[in-house]
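would you be able to build a 3D model of this:
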Amino acid sequence: MRTVRARPEDAVVLAALSLQRARAAGAEREEGYLDRAADHWLRHHDRLPSWIAEHEGAHAGYLQAVTVPETTRPGQPVGTRGRLWVDALFVAPDHRRRGIATALLTACESWAKGAGVRVVGLRCTPGAEEFCEAVGFAPAAEVHEKLL
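Below is the predicted model:
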């Protein structure tokens, strides 16, 4: 198994993994999704650092994050990049429980440290709390959302 940072030529792979994630969550088919998702990532990949996991010759999963710049605050070191939010973490069902999600998070965190990121956020889906805590994420204040 190996993880690689996604490059522009990987946009369609990321889109396909995103589609697998959506379908696993019950999303309906959407004509043209792969092209739309790949184009979106290509236009915004500077703010969407992403990694792909390869296992047994297959694209086994991906992690896509979003960088969120912070405003300057007292006590904040110069050069701090802000926060990183893990927007999507998915491992294909046939590849689960083999350390792939952990490897993706490790690659992401390593990059984040080097980029000056001080906080990485991850929303744990119900049932994944044990995994989140096992890889070092502590429960924080509850996130509240409002759909507009």
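
going forward, measure contacts and count neighbours with C-alpha atoms only.
OK.

show me what counts as buried in the worst-scoring helix or strand of the chain on mean pLDDT.
Sorted by mean pLDDT, DSSP states H and E, the helices and strands of the chain end with strand 117-122, the least confident at a mean of 85. Using 16 or more other C-alpha atoms under 10 Å as the burial criterion, the residues of strand 117-122 that qualify are 117, 120-122.

and the helices in this protein?
With DSSP state H as the criterion, the chain has helices at 11-24, 33-44, 100-114, 129-134.

between those helices, which one is nearest to residue 68?
Closest approach to residue 68 among the helices of the chain is made by helix 100-114 (11.7 Å; C-alpha to C-alpha).

now the closest one against strand 117-122, angle please.
Between helix 100-114 and strand 117-122, the angle comes out at 160 degrees (axes from the mean of the first three to the mean of the last three C-alpha atoms, to 10 degrees).

got a list of contacts for helix 100-114?
1, 3, 50-53, 60-63, 84, 89-91, 118, 120, 135 (C-alpha atoms under 8 Å, 6 or more residues apart in numbering).

dump the helices of the chain to a markdown table, plus distance to residue 67 and mean pLDDT.
As requested, these are arranged in a markdown table below (distance: least, C-alpha to C-alpha, whole Å; pLDDT from 0 to 100):
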| stretch | distance to residue 67 | mean pLDDT |
| --- | --- | --- |
| helix 11-24 | 17 | 94 |
| helix 33-44 | 11 | 95 |
| helix 100-114 | 9 | 95 |
| helix 129-134 | 20 | 88 |
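
before we move on, the earlier item: and the least confident helix or strand of the chain, how far from the chain's centre?
Put simply, strand 117-122 sits 12 Å off its chain's centre (C-alpha atoms, centre = their mean, to the nearest Å).

on that earlier part again, any chance of the helices of the chain in CSV, with distance to residue 68 and mean neighbour count too?
Shown next, in CSV, are the helices of the chain (distance: least, C-alpha to C-alpha, whole Å; neighbours: other C-alpha atoms under 10 Å):
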stretch, distance to residue 68, mean neighbour count
helix 11-24, 21, 18
helix 33-44, 13, 16
helix 100-114, 12, 18
helix 129-134, 21, 13
